[in-house]
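J.: Can you look at this prediction? I've put the sequence above it.
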Amino acid sequence: MDEKVCEDEMSERTLIVIKPDAVQRGLVGKILSRFEEKGFKILDLRMIRMDKGQAENFYSVHAGKPFFNDLVSFITSGPVVAAVLEGRNAIESVRIMIGSTDASKAPPGSIRGDYSLGLTDNSIHASDSPESFRRETKALGLVEWA
Ligand code: CMP
């Protein structure tokens, strides 16, 4: 089997959500460009205004944590842009590109490092596992990818 075939077999999907702070600041194009330039294919792209129920399902792994209510309030405070991306090792690669959760500590060159200082308002979310990808796409109504 040649190298190209092996690489294609490792292709994976992930979900990114550009958060209300970044949408409001007009950063959608810049952020999406980074993923396109890296080589990811955009399979689906939607602007969504999450309601409380969707947000609680989307972030259900964090239910009960001290920051949960603020997180749900924030993510429902304005439209988000959700995209399904496909590419080699997508989940890990995209997480590296977005940088650490606390944007004030994310390195320059990462998306959070370049565009944000926040923790809740940290500009972008990305799935951290195939299970999260399924839960999150389902919560947002992107059922064909779940
Ligand atoms: P995100 O990648 O969307 O996943 C969960 C979100 O919870 C995270 O980014 C942060 O925006 C938010 N959050 C707020 N406070 C914390 C915290 N103390 N630890 C981790 N995540 C937090």
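T.: Received it, and whenever you're ready, just let me know what you need.
J.: Give the helix, strand or coil label for the residue nearest to Leu140 when sequence neighbours are not counted.
T.: The spatially closest residue to Leu140, leaving aside those adjacent along the chain, is Ala82, at 5.5 Å (C-beta to C-beta, 6 or more residues apart in numbering). All C-beta spots, glycine's among them, are computed from the backbone N, C-alpha and C. Three-state call for Ala82 (DSSP: H, G, I helix; E, B strand; the rest coil): strand.
J.: what's the helix or strand for Thr14?
T.: Counting by DSSP states H and E, the element that carries Thr14 is strand 11-18.
J.: Buried ones in the next helix or strand after that strand, by neighbour count?
T.: Going down the chain from strand 11-18, the next helix or strand is helix 20-24, by DSSP H and E. Neighbour counts over helix 20-24 (16 or more other C-beta atoms under 10 Å) mark Pro20, Asp21, Ala22, Val23 as buried.
J.: Residues touching stretch 74-84, excluding its own?
T.: With contacts defined as C-beta atoms under 8 Å, 6 or more residues apart in numbering, stretch 74-84 is touched by 13-20, 23-24, 28, 32, 35, 42-52, 55, 58-59, 120-121, 137, 140, 142, 145.
J.: now do the same end-to-end measure for it.
T.: One end of stretch 74-84 to the other measures 22 Å (C-alpha to C-alpha, to the nearest Å).
J.: Return the set of residues that bridge with the spatially most central residue of the chain.
T.: Centroid-nearest residue in the chain, with C-alpha atoms, centre = their mean: Ile16, separated by 2.3 Å. Counting by DSSP bridges, Ile16 forms beta bridges with Ala83, Ala126.
J.: mind checking how far it is from the ligand?
T.: Going from Ile16 to the ligand by C-beta to the nearest ligand atom, to the nearest Å gives 10 Å.
J.: For that residue, give me its contacts.
T.: Applying C-beta under 8 Å, 6+ apart to Ile16 gives the contacts Phe35, Ala82, Ala83, Leu85, Val94, Ile98, Ile124, His125, Ala126, Ser127.
J.: now do 10 Å
T.: Contact partners of Ile16, counting by C-beta atoms under 10 Å, 6 or more residues apart in numbering, are 31-32, 35, 40, 42, 45, 80-85, 90, 94, 97-98, 111, 124-127, 136.
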